[in-house]
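Student: Predicted coordinates and the sequence they were generated for:
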Amino acid sequence: MSYNKNQIFFSVDNQTPFTLVPNPTTFSDWGDFGAGPTTIKPFQKGDAGHVISSRSPFCGSAGIVGYSLTSKNGATIYIRFLASNPYLSVRDNWACVSLSSIDQGINQDTYNYHYYNEPQHASMSFEERTLNLTSNIGHADRATATFVLTYVPLQKSRQ
């Protein structure tokens, strides 16, 4: 009998002209990472990690991974993806994201910030355009968290 059925696959749809470079550090609050994030090329989809519940019979899975992207001008943005798949909880699975020009690292503090603030979407001006980041997660014990990053023109204000 296997207790490792509670798990999350992280998937990223990179709809930008930037390569997403994975942070080698991952953090799992529940379970363990079976695979970490991989490099995701411009306008490609890729795997961003796989967290699996521990062998304990009553354990969910939850973790956070990170990426960075750098413009031709040298500006860097740090991206964080969190997904949680609680075991036997009244709470549904959920996913969270953030964009920042400061690297906050990947650790318990970063995990807690996302976990308790639950930012499901993020936007940020970058190189005269806007980065938009969204998250979505399935509702099964074997769930896929999908994160979509887009790069769109800035909205002009109406006068």
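Tutor: On my side now, so go ahead.
Student: Can you show me the helices along this structure?
Tutor: 108-117 (DSSP state H).
Student: helices or strands up against the lengthiest strand in it?
Tutor: For the chain, the strand with the greatest residue count under DSSP state E is strand 142-153. Packing contacts for strand 142-153, counted by 3 or more C-beta pairs under 8 Å, 6 or more residues apart in numbering; DSSP states H and E, involve strand 7-15, strand 76-85, strand 94-100, strand 129-137. To be clear about C-beta, it is placed using only N, CA and C from the backbone, and glycine gets the same treatment.
Student: Spatially central residue for this structure, please.
Tutor: residue 81 (1.6 Å; C-alpha atoms, centre = their mean).
Student: Show the pLDDT at that residue.
Tutor: Here, the pLDDT recorded for residue 81 equals 96.
Student: now residue 57
Tutor: 64.
Student: does the residue nearest to the centre of the chain have beta-bridge partners, and which?
Tutor: Beta-bridge pairing for residue 81 (DSSP bridges): residue 65, residue 97.
Student: That one touches residue 148, doesn't it?
Tutor: No: applying C-beta atoms under 8 Å as the test, residue 81 and residue 148 come out as separate, 10.9 Å apart.
Student: Show me whatever sits in contact with both of those two.
Tutor: Common contact partners of residue 81 and residue 148 (C-beta atoms under 8 Å, 6 or more residues apart in numbering): residue 12.
Student: and the longest strand of the chain, average pLDDT?
Tutor: Here the average pLDDT along strand 142-153 is 93.
Student: Off-centre distance for it?
Tutor: Distance of strand 142-153 from its chain centroid, counting by C-alpha atoms, centre = their mean, to the nearest Å, is 8 Å.
Student: could you give the angle of that strand to strand 7-15?
Tutor: Here strand 142-153 runs at 20 degrees with respect to strand 7-15, directions being taken by axes from the mean of the first three to the mean of the last three C-alpha atoms, to 10 degrees.
Student: which one of the helices and strands packed on strand 142-153 is the most hemmed in?
Tutor: strand 76-85 (a mean of 25; mean count of other C-beta atoms under 10 Å).
Student: what distance separates it from the centre of its chain?
Tutor: So, by C-alpha atoms, centre = their mean, the centroid of strand 76-85 is 3 Å from its chain's centroid.
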